[in-house]
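> Here is my input, please return the structure:
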Amino acid sequence: MRKPLLVALVAALPLFAACTENTDRSEAADGGESRTITVTSTDDGCDLSATEAPSGTLTFEVANKGSAVTEFYLLGEDGQRIVGEVENIGPQLSRELVVSAPAGSYVTACKPGMKGEGIRDDFTVTASDQEPTAGTDDAAVDQALESYEDYVQEQTEQLVDKTGQFVALYKAGEDDRARALYPDARTHWERIETVAESFGDLDPKMDAREADLEPGQKWTGWHRIEKDLWPPADGYQALSAKLTFTVDQVANGSRGLLEEVANGKVTGEEEIWSHTDLWDFQANVDGARVAFEGLEPIVEQKDPELADTLESRFAELQKLLDAQRAGDGFVTYDQLAQDEVQALANAVNALAEPLSRLTAAVLS
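Numbering: from 1, shown residues only. Got it, this is the predicted structure:
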């Protein structure tokens with residue numbers, strides 16, 4: 001008899017994070033303190049040019065001087081809530097993280113090897129004349145935030161419902177029906193994955209791949225069941241609450257979802273047994289596009305050329321995905337020819353560059 005697996009499902013905290021590039025440098029009007037902080041990540045260090053900055057739009061310039069791929073995080077005071085993150089910074093490469101940060105206490109972390117708690121330090125944001133506000137009189141911004149909150153709420157409700165059905169089928173031993181529902185249920189997770197990632201250890205509990213496990217780590221979640229259903233949920237809990245976002249969180253979330261495509265879906269590493277990667281691929285693209293479309297009226301005002309470019313690049317990528325449809329879903333990823341995989345990768349890269357400028361555009 002199959003040992004039940006714990007499937008913990010919590011998708012209810014604000015969306016934060018991903019990287020952006022090509023942003024303007026700025027200094028606070030009060031005291032001339034810089035809002036640009038340089039970060040040097042090494043194999044055993046995480047050195048910041050400053051551990052304090054004025055509130056407003058902050059830019060962290062992260063340079064990896066170590067020998068392993070690294071990540072950089074700006075965390076809330078509790079050290080768990082992700083305010084901003086930039087991932088997959090290869091040795092001798094640099095990336096930027098742009099966030100809109102109100103006054104308060106934070107924690108910075110570099111993660112050499114992209115594992116563990118990372119090398120942490122306290123970071124303080126002081127009040128300034130550019131203090132971000134929770135509300136705005138700008139109708140376009142209000143509408144963008146409200147529509148994205150509604151989208152995440154709706155996806156969360158569907159995720160809870162379909163995951164409950166999936167777990168019930170799996171526990172009942174109805175493998176064929178569970179296999180059929182697996183990619184459909186995961187679609188709702190993938191569309192809002194950056195929201196779930198901000199909830200502490202939810203992502204590793206729900207979405208860890210076998211290759212990601214650290215020594216002694218218990219393997220739970222989607223891919224543990226996937227491996228059982230495609231050979232070589234003792235508990236179920238849902239929490240849903242009213243969500244609040246800021247425009248930089250929505251914009252960074254769009255970029256973060258596309259990075260999920262580049263880092264796991266294009267390579268075929270995400271669904272290594274089921275080969276249902278294209279369902280996840282489409283869901284991540286859906287989430288990124290919805291986030292962009294909510295902000296599109298703002299971008300059209302501030303950078304119309306960027307808005308046009310993003311619209312066309314999303315359309316080009318969608319055309320390639322549509323070519324792989326089969327019935328209500330997609331062909332399995334192992335059926336794609338190498339040139340088809342490469343075409344998808346090229347389309348993702350073509351979209352990633354202008355999407356990396358979205359946050360800076362909406363905050364300008």
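> Go ahead and confirm residue 110 touches residue 48.
No: the pair residue 110 / residue 48 is not scored as a contact, 9.3 Å apart, by CB atoms under 8 Å. In short, each C-beta sits where N, CA and C put it, glycine included.
> of the two, who's got more company?
The neighbour comparison of residue 110 against residue 48 (other CB atoms under 10 Å) goes to residue 110, with 26 against 18.
> could you measure that one against residue 196, distance?
Here residue 110 is placed at a distance of 23 Å from residue 196 (CB to CB, to the nearest Å).
> Please apply the same query to residue 320.
Distance from residue 320 to residue 196, by CB to CB: 26 Å.
> cool, and residue 286?
15 Å.
> Between residue 320 and residue 196, which is the more surrounded one?
Legend: neighbour count by other CB under 10 Å for residue 320 and residue 196, higher for residue 196 (23 against 15).
> related to what we said a few turns ago, what touches both of residue 110 and residue 48?
residue 39 (CB atoms under 8 Å, 6 or more residues apart in numbering).
> Could you pick out the longest helix of the protein?
Longest among the helix segments of the chain by residue count, using DSSP state H, is helix 139-171.
> Any idea how far the next helix or strand after it is from the middle of the chain?
Per DSSP states H and E, helix 139-171 leads on to helix 175-191 as the next helix or strand towards the C-terminus. Put simply, helix 175-191 sits 20 Å off its chain's centre (CA atoms, centre = their mean, to the nearest Å).
> for the record, mean pLDDT for the very next helix or strand once past helix 175-191?
Counting by DSSP H and E, the next helix or strand C-terminal to helix 175-191 is helix 193-197. For helix 193-197, the mean pLDDT works out to 80.
> what's the span of stretch 208-219 from first residue to last?
Criterion CA to CA, to the nearest Å; first-to-last residue distance in stretch 208-219 is 7 Å.
> in that stretch, what counts as buried?
208-209 (16 or more other CB atoms under 10 Å).
> Against residue 248, how distant is residue 191?
Residue 191 is 20 Å from residue 248, by CB to CB.
> Between the two, tell me which one has more neighbours.
Counting neighbours by other CB under 10 Å for residue 191 and for residue 248 shows that residue 191 has the greater number, 28 against 25.
> Who are the contact partners of the more buried one?
Here residue 191 is in contact with 155, 257, 283-284, 286-287, 290 (criterion: CB under 8 Å, 6+ apart).
> Once you drop chain neighbours, what's closest to it?
Nearest-residue entry for residue 191: residue 287, 3.9 Å, with adjacent residues in sequence omitted and distances by CB to CB, 6 or more residues apart in numbering.
> Which pLDDT does the model give the one you found?
So, for residue 287, pLDDT stands at 92.
> Report the angle between the helix or strand containing it and helix 139-171.
Using DSSP H and E, residue 287 sits within helix 277-302. Orientation note: helix 277-302 sits at an angle of 170 degrees relative to helix 139-171 (axes from the mean of the first three to the mean of the last three CA atoms, to 10 degrees).
> got the angle between helix 277-302 and helix 175-191?
Relative orientation of helix 277-302 versus helix 175-191 (the same axes, to 10 degrees): 20 degrees.
> Flag every buried residue along helix 277-302.
277-296, 298-299.
> other SSEs contacting it?
helix 139-171, helix 175-191, helix 193-197, helix 247-260, helix 304-322, strand 329-330, helix 338-355, helix 358-363 (3 or more CB pairs under 8 Å, 6 or more residues apart in numbering; DSSP states H and E).
> can you rerun that using 6 Å?
helix 139-171, helix 175-191, helix 247-260, helix 304-322, helix 358-363 (3 or more CB pairs under 6 Å, 6 or more residues apart in numbering; DSSP states H and E).
> Go through those helices and name the closest to residue 333.
Closest approach to residue 333 among the helices and strands packed on helix 277-302 (CB to CB): helix 175-191, 10.9 Å.
> Give me the buried stretch members for that closest one, please.
Buried residues in helix 175-191, counted by 16+ other CB under 10 Å: 178-179, 181-191.
> Now do the residue nearest to residue 211 when sequence neighbours are not counted: how many residues are near it, please.
Closest residue to residue 211 apart from its sequence neighbours, by CB to CB, 6+ apart: residue 269 at 7.4 Å. Around residue 269 there are 13 other residues, counting by other CB under 10 Å.
> Over to the one 5 residues further on?
By other CB under 10 Å, the residues close to residue 274 number 22.
> Contact partners for it?
226, 230 (CB atoms under 6 Å, 6 or more residues apart in numbering).
> Specify the local secondary structure of it.
Recorded secondary structure, residue 274: coil (DSSP: H, G, I helix; E, B strand; the rest coil).
> So, low pLDDT: which residues of this structure?
Along the chain, the model assigns pLDDT under 70 to residues 1-32, 133-137, 200, 233-244.
> Where do the domain boundaries of it fall?
As assigned by automatic domain parsing, the chain contains the domains 36-126, 137-363.
> Which one, of the helices and strands packed on helix 277-302, ends up nearest to residue 41?
Using CB to CB, these put helix 247-260 closest to residue 41, at 17.8 Å.
> my read: residue 107 touches residue 81, true?
No: Residue 107 is beyond contact range of residue 81, at 9.4 Å (criterion: CB atoms under 6 Å).
> Now residue 330: closest residue in space, sequence neighbours ignored.
Closest residue to residue 330 apart from its sequence neighbours, by CB to CB, 6+ apart: residue 278 at 3.7 Å.
> typo on my end, residue 175
What sits nearest to residue 175 in space, not counting adjacent residues and going by CB to CB, 6+ apart, is residue 229, at 5.9 Å.
> gap between that neighbour and residue 57?
Taking CB to CB, one finds residue 229 at 46 Å from residue 57.
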